[in-house]
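Student: Any chance you can model this:
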Amino acid sequence: MINPKTGLTSNFLQVNGNSALASLSGSLLGAISVITESVACIEVEQEKFIEIGCYFYRISPAIMELQTTENTPKNAKEILTSLSQSINLAKELVENCQKGKQHVSDTELRSIIAQLERAVKDMGECLCLIPSSTFQGEEYAEIVVRSLSDEMQNVHFEVRQPQELESRMISVVELPKKEFTPIESDLYSITVEVSRENSQVLSMPFDIPKRTSQSSQRKSGSTKYLTELSQVAQYIEPLYETFSCPLTNEIMEDPVTIETGITYERKAITEWFEACENPEDIRCPTSGKKLTTRALSTNVALRTTIDEWKERNEAARIKVARAALSLASSDSMVKEALRDLHSICQIKPYNKIQVCDAGILPLLVKFLEHKDGHIRCAVLELLRQLAEEDEAKEMIGQILDISTLIKMISSTLQAVRHATLLLLLELSRSQVVGEKIGSAAGAILMLIRIRYNRNTDPFASEKADEILKNLEKCPDNIKRMAENGFLEPLLNHLIEGCEEMQMEMASCLGEIILGHDSKTYVAERASPCLIKMVQSGNTLIRRAAFQALAEISSYHPNARILVESGVVHIMAEEMFIRTIYNEPMNSKKEAAAILANILESGIDHGILQVNTQGHPVDSDYVLYGIIYMLKNSTPDELNINLIRILLCLTESPKSMATVVSVIKETEACCTLVEIINNPHEELGVAVVKLLIKLSPYVGHTLAERLCKTRGLPENLIEIPTQTNQYITEKQALSAKLLAKIPHQNLALNLALLGKNIVPGVLQTINLIQKTGTRSSRYANAYLEGLVGILVRFTTTLYETQILFLARNHNFTQVFTELLVKTSSDEVQKLSAIGLENLSSESIHLSKPPQLKRKKFMKLFYLPKSLSFGSSKKKKIPLCTVHRGVCSSQSTFCLVDAKAVERLLACVDHENAEVVEAALAAICTLLDDKVDVDSSVSLLSEVHAVKHVLNAVKEHKQEGLWQKSFWVIEKFLVKGGDKSASDISQDRLFPATLISAFHHGDGSTRQMAENILRHLNKMPNVSTTAYYST
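Tutor: Numbering: from 1, shown residues only. Got it, this is the predicted structure:
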């Protein structure tokens, strides 16, 4: 049967008593031997004839199997007879080419090849007749034979056209009389593997070692087929006796001939001569003849023969090992093949190339996933050995999936991990393969992790470090190392590398996203080098350095490091002084970005000097330069950074004063307002932020410019058209800007009114309240800005159009509802301010009822005697507070709007600004122009004093105290004994009054004194004069 370990016969030429069958098989094998030897001698179309001979050679094991199997099929003789016809025909055709005509025409040549093709196909058909029982359940053996049968039946040999032939004749080579040595050619090529998982064979040709004689194929009794590859290799070609040194019995490396004509190994015979006791009586070790000279003559012919013999046997051993790895029918077979390949590679470097060229690499790669760790280790070691040759490195890199090796460096077996790292180390010496290793997912990260685990595995750590150093040849790998937290290679090449490498590293530094823990370290090491690069004359180097500095400066803790490195002076010089014409790079943009990053860190402006004259960054020198660039149509990106610098300077009161002064002097408000219409979103956001900061100082100027600029101010309010429309930052900031510009500016209010924006504002407020502020990051800020826009209209109610607007949209009801329908403190504060402004106008708008009738209207009324109703006049209800006819819509009455309770709820708010705004609105009901007695009575019913007392005790703000004390004093004066009792019973309130009396300003102190006097806590004599002095 066929042995599963080798795929070849396991009972080679076993004597089974069937002499006729054995005789027929022997003759067929002899004929095949003649064919394979003859085809190698044909020169024209030699490749075709060798390929034909290969098929005849590969069918030999099947013939042996039919002869030696224990379960000989009944049709064995029929199969062998059919094979005999094809083989004898092929033998005759080849022999005719050698012994017959000396020249064969093209037509005859094509005919011969066609007949040989037919013979091969017939043999393939014969193989398919072998029954499955012959293989006795050896599945792999049957698969191999069936695969060979299919291949032979579908074979086709192309013959070149006559004009393509170098010669139209086949030259017949005369066989030498000496023993024939066949030309080294791949007659038994292994090209396809067997898949053990699905037991399918794509194509598996047989590969057996060549026997020198029939006697070497048998032993007495039953002989098992030789399975160990080292034994098989010995039978490929015999070891001739002349190759061995008579002294060592080993194959000679440097054969030399002595005087007697006998050849020895040079080293062995030299030692023999030196060991002789009598130098004058030296004899030949073999013949015993006395030598007259010690002269050694190199046996060049023998050495050449031995070298050729070794090459043939090494090549054959490689093929045998390849066949074994292809079949892989047992682990021991694979291990033996790997050991043999390892020993072959150790003989000489060229053998490594031969192994790679033999198609063994794909087979080795397959075994990297073998379940046996020892096999994986052996494969890794063999691949490392092959990779020592530069040519082999790239071959392995092309075939090998690096990700497989990356997985293996995490193996639980230390031997596998170490072998994998050694292979990667060898491969990484090639820059091409190094790039492939670096690009493999997770490769750099895993190597860095192993590098840092020195205590766990020192050997692996050392090798990982060496691999990473080799990978540094590729700039992309250095970038990947930095991205994975290993910054040393990048920084070292940045500081010590050539200009080109420095540029590459600076570019990487500008592109990668560093962790916060790394940015400071990078800033400390790289800043001096990058600043030098910025001052270089090379545009590309400057651009890379600027990019890296921008990335480093974006981390605010690095600001002080950069300042100490002198970066502020350099950036200011780039912005205001450097004027190299025709330079393709605009460095002002990058310099402004870096300077803005430093200022945004919150560093003290006073320590930032921009030149040797000592000008600080917030000096007129810098500000005039920035305004000049803003006015001269600089690129949007530069304008963004310039405005960022101005925004930073407005954070300091001292710097703000300088900024406002320069802006007023240069009339820069016009330029800033015009930038609002710029389509660049980021630029628009930046300029609106700056205008919000400046609005308290140049608000009226901004309002004037907004009214005169085309598309403004209506473009600042963009009403969402859809329920789920995303609110942008610019929309929110634009609304806030309109809310921050002085509310009393009538021109701006009328401009907004003329654009009819209020309906859209109210609609958007309702929409945001329904959907909630979580629908967008900026929804809450946008809502605050819209409410602020409504509030600004309440400051100019003296204008008829605006008064009509407030009445038409019932502002009182809108603000009252906003007090409780929002979670925003700012919206509550603004709503309270709006109610305060509206309530302040109520006393002017509330009028007594007009009951006079016009004369002609009397005609429409019946006489009193005929009237069906009451004789009493119908009374129109009057507001007790405002002493007239009131409503929330027409006179903005807080009482009618039921806003008092909601304002008192706001008095209990934890935000002092909301409390103060609510108190201010309540104070309008206690003004001397209204009926204070009625107001106090009304507020007492809702326990207003209790809310106010709680607010006084909880908050310490001066303005809040003043409003609270003012309300309490009103209650003490107008509220009677009940109010005085409620106030005096609060035990903590006197302590608050005393604190205000001692620490408050003049107004607060006076109010506290008055209340203390009402509570009999102070004498009636005024102490104001005492404190005023």
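Student: use CA for all of it now, contacts and neighbours both
Tutor: Noted.
Student: and Leu89, that's in a helix?
Tutor: Yes - checked against DSSP: H, G, I helix; E, B strand; the rest coil, Leu89 lies within a helix.
Student: could you check the distance from it over to Leu83?
Tutor: 10 Å (Cα to Cα, to the nearest Å).
Student: Between the two, tell me which one has more neighbours.
Tutor: Leu83 (24 against 15; other Cα atoms under 10 Å).
Student: For that one, give me its contacts.
Tutor: By Cα atoms under 8 Å, 6 or more residues apart in numbering, Leu83 lies in contact with Asp122, Met123, Cys126.
Student: try 6 Å
Tutor: Listed by Cα atoms under 6 Å, 6 or more residues apart in numbering, the contact partners of Leu83 are Met123.
Student: For it, give me the pLDDT.
Tutor: pLDDT for Leu83: 87.
Student: sec struct for it, please.
Tutor: Leu83 - assigned by three-state DSSP - is helix.
Student: and it, how far is that from Asn611?
Tutor: Distance, Leu83 to Asn611, by Cα to Cα: 101 Å.
Student: ditto for Pro475
Tutor: Pro475 is 37 Å from Asn611, by Cα to Cα.
Student: out of those two, which sits in the more crowded spot?
Tutor: Pro475 (18 against 14).
Student: Report the separation between the closest residue in space to that one that isn't next to it in sequence and Glu511.
Tutor: The shortest distance from Pro475 to any non-neighbouring residue, by Cα to Cα, 6 or more residues apart in numbering, is to Glu504 (7.0 Å). Separation of Glu504 from Glu511 (Cα to Cα) stands at 11 Å.
Student: who has more neighbours, those two?
Tutor: Using other Cα under 10 Å as the criterion, Glu504 and Glu511 rank with Glu504 on top: 24 against 15.
Student: Any figure for the gap between that one and Leu494?
Tutor: 8 Å.
Student: hey, where'd the helices end up in the stretch 451-600 of the chain?
Tutor: Taking DSSP state H, counting those that start in this stretch as the criterion, the stretch 451-600 of the chain carries its helices at 458-471, 475-483, 488-496, 499-511, 516-534, 539-553, 559-564, 567-576, 587-600.
Student: quick one: which of those helices is nearest Thr293?
Tutor: helix 458-471 (56.1 Å; Cα to Cα).
Student: Is Thr612 located within a strand, as I assumed?
Tutor: No - under three-state DSSP, Thr612 sits outside any strand and is assigned coil.
Student: which ones are touching it?
Tutor: By Cα under 6 Å, 6+ apart, the contact set of Thr612 is empty.
Student: Need phi/psi at it.
Tutor: For Thr612, the backbone dihedrals (degrees, to the nearest 10) come out as phi -70, psi -20.
Student: Ramachandran angles for Met123?
Tutor: According to degrees, to the nearest 10, Met123 has phi -60, psi -40.
Student: Report how many residues lie close to it.
Tutor: With other Cα under 10 Å as criterion, Met123 counts 25.
Student: which non-adjacent residue is nearest Glu462?
Tutor: Glu462 sits nearest to Arg451 (Cα to Cα, 6+ apart), 6.7 Å away.
Student: can you pull the contacts of the one you found?
Tutor: Contacts of Arg451 by Cα under 6 Å, 6+ apart are Ser461, Ala464, Asp465.
Student: now the strands: where do they sit in this structure?
Tutor: For the chain, the strands defined by DSSP state E occupy 194-195, 200-201, 255-257, 263-265, 297-298.
Student: looking at the ones you listed, which has the lowest confidence?
Tutor: Among those, strand 200-201 carries the lowest mean pLDDT (a mean of 28).
Student: Can you tell me how far Gly510 is from Leu549?
Tutor: For Gly510 relative to Leu549 (Cα to Cα), the value is 7 Å.
Student: Likewise for Glu389?
Tutor: Distance, Glu389 to Leu549, using Cα to Cα: 43 Å.
Student: ok, the two, which is more surrounded?
Tutor: Looking at Glu389 and Leu549 with other Cα under 10 Å, you find the greater number of neighbours at Leu549, namely 25 against 16.
Student: Tell me who's in contact with the more buried one.
Tutor: No contacts exist for Leu549 under Cα under 6 Å, 6+ apart.
Student: Any figure for the gap between it and Ile541?
Tutor: 12 Å.
Student: Can I get stretch 716-732 in CSV, CA atoms only?
Tutor: Extracted C-alpha coordinates of stretch 716-732, given in CSV (Å, rounded to 0.1, in the frame of the first residue of the first chain):
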residue,chain,number,x,y,z
LEU,A,716,-27.6,87.9,12.5
ILE,A,717,-30.9,86.2,13.1
GLU,A,718,-31.3,83.0,11.2
ILE,A,719,-34.6,81.4,12.1
PRO,A,720,-34.6,77.6,11.8
THR,A,721,-37.0,76.3,9.2
GLN,A,722,-37.2,72.7,10.5
THR,A,723,-38.0,71.3,13.9
ASN,A,724,-34.8,69.3,14.2
GLN,A,725,-32.6,71.8,12.5
TYR,A,726,-29.1,72.0,14.1
ILE,A,727,-28.3,75.3,15.7
THR,A,728,-24.8,76.5,14.9
GLU,A,729,-22.3,78.3,17.2
LYS,A,730,-22.5,81.4,14.9
GLN,A,731,-26.3,81.5,15.2
ALA,A,732,-26.1,81.5,19.0
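Student: Name the residues of it that come out as buried.
Tutor: Buried residues in stretch 716-732, counted by 16 or more other Cα atoms under 10 Å: Leu716, Ile717, Glu718, Ile719, Pro720, Ile727, Thr728, Glu729, Lys730, Gln731, Ala732.
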